[in-house]
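Colleague: Turn this into a model:
(one chain, ligands or ions: 1)
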Amino acid sequence: MLQLTLMEKQSVDLNRFRILYRFGDQSQSLHKLLTEKKLVWNHDVFPADKIVLLNQIHSSKIITVDNQSAGKNILYTSDEQADGMITNKPELYLAIKTADCVPVFLFDEHRLVVAALHSGRKGTAENIVSKALNIMKSDFNCSLSNVKVVLGPAICRKHYQVDSVCFADFTSRSNSTQIFPFIDLRSAIKSQIKNAGVLDENIRVSEICTHENADYFSYRRNKTEERQISIIGIKGR
Ligand SMILES: [Zn+2]
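Modeller: Model (predicted):
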């Protein structure tokens, strides 16, 4: 728990900017964001006009966003669908909705680039995290040795049992080692990140299971339509 507390509050100090991320629980719900038009973590308030929310569809599509996208799907709706976002614009917070799937944040403090992904079973099978890393390299000139990755609260292996068809599909496409009939999304994603070339010391993984921790929404637990919101952005000083 100590490690998690540190991780959730962590932000990286730079000269003019710092990377800031927060993993949400039930107190940062989708419903609250849509009705109150803001997210609040203790004293940190993030207004909707600085947040971009995705229409997530369990794909591996990633879009680059800028200030024109601020407020998207909160203050106005968009037809565009994707499961990942990347930006280098300060004061723009990328929001991911989850209720068992893995919220994945990637950032490069040297290039000041942040990415936010929704990596569930399908996104992980399609290796959305390596697609994000490729875009960070090709479009934002990031060096993999500088990229840090954080995986947030998600369903754990013992609570994620699947049928044989599902299991076979996932293990073959994600190229990860799993023991039937369970899937460990976070270990699969971590392998993908390491295989892509990110340094082990730059990967942090939350151990919180959304299914067993009542502070979190869990689709598998009760088929909830609610989602916790997690955000990452580049904060000016
Ligand atoms: Zn669990």
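Colleague: Hmm, residue 198 is touching residue 130, no?
Modeller: No: judged on CB atoms under 8 Å, residue 198 makes no contact with residue 130 at a distance of 9.7 Å. Every C-beta, even on glycine, is put in place using the N, C-alpha and C of the backbone.
Colleague: The two - which one has more neighbours?
Modeller: A count of neighbours by other CB atoms under 10 Å puts residue 198 above the other of residue 198 and residue 130, at 22 against 17.
Colleague: Could you list the low-pLDDT ranges of this protein?
Modeller: 1-14 (pLDDT under 70).
Colleague: So which residues on this structure come close to the ion?
Modeller: Taking CB under 5 Å from the ion as the contact definition, the chain meets the ion at 156, 159, 209, 211, 212.
Colleague: The second one: neighbour count?
Modeller: Neighbourhood size, residue 159 [other CB under 10 Å]: 15.
Colleague: who touches it in this structure?
Modeller: Shown in contact with residue 159 (CB atoms under 8 Å, 6 or more residues apart in numbering): 209, 211, 212, 220.
Colleague: where's the closest residue to residue 37 other than its chain neighbours relative to the ion, distance?
Modeller: Distances taken as CB to CB, 6 or more residues apart in numbering put residue 48 closest to residue 37, at 4.1 Å, once the chain neighbours are dropped. With distances taken as CB to the ion, to the nearest Å, residue 48 is found 32 Å from the ion.
Colleague: One more: residue 185?
Modeller: Distance from residue 185 to the ion, by CB to the ion: 11 Å.
Colleague: Scan this structure for its longest strand.
Modeller: strand 228-236 (DSSP state E).
Colleague: how far is that strand from where the chain is centred?
Modeller: Strand 228-236 sits 10 Å away from the centroid of its parent chain (CA atoms, centre = their mean, to the nearest Å).
Colleague: Can you name every helix or strand that it contacts?
Modeller: strand 17-22, helix 30-36, strand 93-98, strand 102-108, strand 113-119 (3 or more CB pairs under 8 Å, 6 or more residues apart in numbering; DSSP states H and E).
Colleague: at 6 Å instead, please
Modeller: strand 17-22, strand 93-98, strand 113-119 (3 or more CB pairs under 6 Å, 6 or more residues apart in numbering; DSSP states H and E).
Colleague: Restrict it to CA atoms and write it as PDB.
Modeller: Extracted as PDB, the C-alpha positions of strand 228-236 are listed here (Å, rounded to 0.1, in the frame of the first residue of the first chain):
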ATOM      1  CA  GLN A 228     -13.300   5.500 -12.500                       C
ATOM      2  CA  ILE A 229     -11.500   8.300 -14.300                       C
ATOM      3  CA  SER A 230      -7.700   8.500 -14.400                       C
ATOM      4  CA  ILE A 231      -5.800  11.400 -15.900                       C
ATOM      5  CA  ILE A 232      -2.300  12.400 -17.000                       C
ATOM      6  CA  GLY A 233      -1.000  15.800 -18.200                       C
ATOM      7  CA  ILE A 234       1.800  18.300 -18.400                       C
ATOM      8  CA  LYS A 235       1.400  20.800 -15.700                       C
ATOM      9  CA  GLY A 236       2.900  24.300 -15.900                       C
END
